[in-house]
Structures are given as C-alpha cells and as structure tokens.
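# show me how the following folds:
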Amino acid sequence: MMSNSTLSYFILGAYLNVGILRYLYFMITALLYSVIVIANTSLIVVICRNRSLHEPMYLFLCSLFVNELYGSTGFFPFFLTQILSDIHTVSTSCCFLQIYCIYTYASVEFVNLAVMSYDRYLAICCPLQYNTRMTSKKAFIIIIVVWLYSFVKFLITFSLSIRLTFCGNAINSLFCRNYLVVKLTCLDTTVNHIYGLFATVITISVPLLPILFSYMKILKICFSGSKQTRQKAVSTCTPQLVSLINFSFGCFFEVIQSRFDMSSLPSVLRMILSVYFVILQPLLNPIMFGLQMSKIRKTYTHIVST
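Below is the predicted model:
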C-alpha cells in the first residue's frame with residue numbers, strides 16, 4: 001500500500017515512444033503555446049489600454065482571455081517537458097496542482113461563457129435597460145464571483161482527493177485527472193463519488209440554465225424582430241455559440257476518454273481528443289473574437305501602428 005506520505009510520483013502511461021519525432025511534436029506544441037500566449041495577451045492589453053472598451057461585453061472577454069492563459073499555463077509547460085522526457089512521471093504535489101488548475105480553468109470557462117450569453121440577452125432583448133442593468137461595475141463584480149465560485153467549488157473536490165492513500169501510481173493519461181487519481185486509492189471513495197456527482201450536476205446546470213434561457217429569448221427576438229435586430233444578434237452571438245459548442249465538445253471528449261475504454265481508437269487520436277479542450281479553446285477564442293469584434297480590431301491596429 002502506498003500513502004500520500006510515501007507516494008512521491010505518478011506515472012503517466014499515455015505517452016508514446018515516438019523516438020526522434022518527439023522533437024517535431026515539441027516544436028509544434030511550443031508553436032501552439034506561443035500563439036496562444038501572444039494572441040490572448042495581446043487582446044488583454046488592447047482591452048485594458050482602451051477606455052472605450054471598458055464595457056461589460058469586453059470585460060467578460062478579457063476575463064475569458066485571462067482564463068485561456070491560466071489553463072494553458074497549467075498544461076503546456078508540463079506537456080512540453082513530458083514530450084522530451086524519457087521517463088513520464090510527475091510528482092504527487094505537481095499532479096494535484098495540475099488537477100486543480102485544469103479543473104478550475106474548465107469551470108471558469110463554462111461559467112464565463114454563460115455570463116456572456118446573459119449579457120448578450122440583455123443587449124439584444126432589453127436594449128433600453130441594458131446600460132442600467134449591466135454596468136461596468138456590475139460586470140467586474142460578476143467576474144470576481146465567477147472566479148471565486150469556480151475556485152471554491154473545486155476546492156472541496158480537491159481536499160477530498162488529496163487526503164486519499166493509494167495502492168498504485170500509474171495513470172493512463174497525458175496529464176493528471178482527478179477521476180483517474182481517485183481510482184488508484186485503497187480507501188472507500190463513496191464520499192468522493194457522491195460529491196463528484198453533485199459537483200458535476202452543479203458545474204453543468206448552473207451555467208446551462210442562463211445559457212438556455214438567454215439563447216431561447218434571443219432566438220425568439222430574431223424571429224419576431226426586425227432585420228437589423230437579427231443581424232445584431234447573429235454578429236454578436238455567433239462567436240460565443242461557436243466557442244460554447246467547441247468547449248462542450250472538448251469537455252465531452254475528455255470525460256469519455258477518462259471514463260471509458262477507448263483502446264479501439266488509434267492512440268494518436270485518443271491523445272488529441274484528451275487534450276482538445278485545453279488546446280483548441282485557448283487557440284480558437286482570441287482568433288475568433290479578435291476577428292469578429294470590429295472595435296478590438298481597430299484598437300489593435302492603432303496600437304500596432306503607433
């Protein structure tokens with residue numbers, strides 16, 4: 001039996017022995033991480049520097065871009081190190097730290113997208129009341145609540161997992177997953193599973209309700225409103241919907257990958273699906289929102305030219 005006091009590392013068993021190709025994979029991954037950092041950081045700077053962008057919609061976007069940097073930093077440096085390593089191990093403390101970072105990143109992402117959908121509902125369905133119901137001060141408070149809610153919610157899951165003792169240390173994954181770590185325990189995990197189920201329901205239902213409410217109302221306005229209203233709805237909601245769908249698929253792939261036997265799929269495909277949500281989302285969002293929002297494009301062009 002291994003306990004947390006004696007278990008010093010976990011073994012990650014999903015890495016392939018790719019030989020010299022590891023350097024190619026390293027360069028591709030490093031390039032992706034560089035693009036993510038540069039793109040998200042640039043848009044954060046653009047929003048912070050231009051006072052005309054200190055509006056709720058852009059503040060929520062800034063929160064989204066900060067979260068992309070947070071989630072990417074919790075994954076990419078670790079992943080790049082593992083690619084070049086011959087022994088794919090991770091210390092127990094680093095493993096739990098990565099679990100906390102990636103899971104809180106996912107929670108903040110989903111809740112932030114829910115808040116953005118509600119903000120668009122107010123802007124499209126209640127335009128005359130928008131400036132009083134959604135001010136920059138309220139948006140800032142909402143952002144703080146979004147981050148605190150996600151960090152506190154998963155802190156309970158984290159504390160239940162970190163107290164466990166383990167009978168093994170091999171994880172069939174590219175990074176640390178809470179579900180796979182809990183499966184290695186020698187103790188009764190009933191409490192972990194009950195709270196895990198409860199936390200999953202809360203994690204999904206809390207953001208999903210405002211998302212469904214907001215887009216149902218927006219859809220109703222699109223059918224009954226003017227052509228100008230429909231165009232505004234499409235232009236402002238399309239990036240958010242694409243981002244939401246992309247992230248939902250990524251999380252679905254991650255859950256399926258960790259809980260079911262996917263050995264029938266090619267190993268490379270399994271690896272891609274398992275990290276989809278933490279690679280594609282931070283890469284897609286700044287490109288999509290940056291290209292779609294004309295005020296961001298103009299401000300960025302002005303900053304670069306000066």
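# pull stretch 143-163 out as CSV, backbone CA atoms only.
Output in CSV follows, covering the C-alpha atoms of stretch 143-163 (Å, rounded to 0.1, in the frame of the first residue of the first chain):
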residue,chain,number,x,y,z
ILE,A,143,-16.3,38.3,-13.0
ILE,A,144,-15.0,38.1,-9.4
VAL,A,145,-17.9,35.9,-8.4
VAL,A,146,-17.3,33.7,-11.5
TRP,A,147,-13.7,33.0,-10.5
LEU,A,148,-14.4,32.6,-6.7
TYR,A,149,-17.3,30.3,-7.4
SER,A,150,-15.1,28.0,-9.6
PHE,A,151,-12.1,28.0,-7.2
VAL,A,152,-14.2,27.4,-4.1
LYS,A,153,-16.4,24.7,-5.7
PHE,A,154,-13.4,22.6,-6.8
LEU,A,155,-11.5,23.2,-3.6
ILE,A,156,-13.9,20.7,-1.9
THR,A,157,-13.2,18.1,-4.6
PHE,A,158,-9.5,18.8,-4.3
SER,A,159,-9.5,18.4,-0.5
LEU,A,160,-11.4,15.1,-0.7
SER,A,161,-8.9,13.7,-3.3
ILE,A,162,-5.7,14.9,-1.6
ARG,A,163,-6.4,13.1,1.7
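# quick one: distance of that stretch to the chain centre.
Mean-position distance between stretch 143-163 and its chain equals 15 Å (CA atoms, centre = their mean, to the nearest Å).
# which other residues reach it?
Residues from elsewhere that reach stretch 143-163 (CB atoms under 8 Å, 6 or more residues apart in numbering): 4, 59-60, 63, 96, 99-100, 103-104, 107-108, 111-112, 115, 178, 181-182, 191-192, 195-196, 199, 202-203. Where C-beta positions appear, they are placed from N, C-alpha and C, glycine not excepted.
# quick one: contacts for the closest residue to residue 265 other than its chain neighbours?
Excluding the flanking residues, the one nearest residue 265 by CB to CB, 6 or more residues apart in numbering is residue 273, at 7.8 Å. By CB under 8 Å, 6+ apart, the residues touching residue 273 are 253-254, 256-257, 262, 265.
# any idea which of those is the one closest to residue 24?
Nearest to residue 24 among those: residue 265, at 22.0 Å, using CB to CB.
# re earlier: which two from the contacts of residue 273 end up farthest apart in space?
The widest separation within the contacts of residue 273 (CB to CB) is 14.1 Å, between 254 and 265.
# more neighbours: which of the two?
Taking neighbours as other CB atoms under 10 Å, residue 254 and residue 265 compare with residue 254 leading, 21 against 13.
# can you pull out the strands in the stretch 151-300 of the chain?
Here the stretch 151-300 of the chain has its strands, by DSSP state E, counting those that start in this stretch, at 170-171.
# thinking again about what came up before, lowest-confidence entry in the contacts of residue 273?
pLDDT across the contacts of residue 273 is lowest for residue 262, at 68.
# quick one on the thing from earlier: restricted to buried residues, select the contacts of stretch 143-163 in ChimeraX.
Only the buried entries of the contacts of stretch 143-163 go into this ChimeraX selection, using 16 or more other CB atoms under 10 Å:
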select :59,60,63,96,99,100,103,104,107,108,111,112,115,178,181,182,192,196,199,203
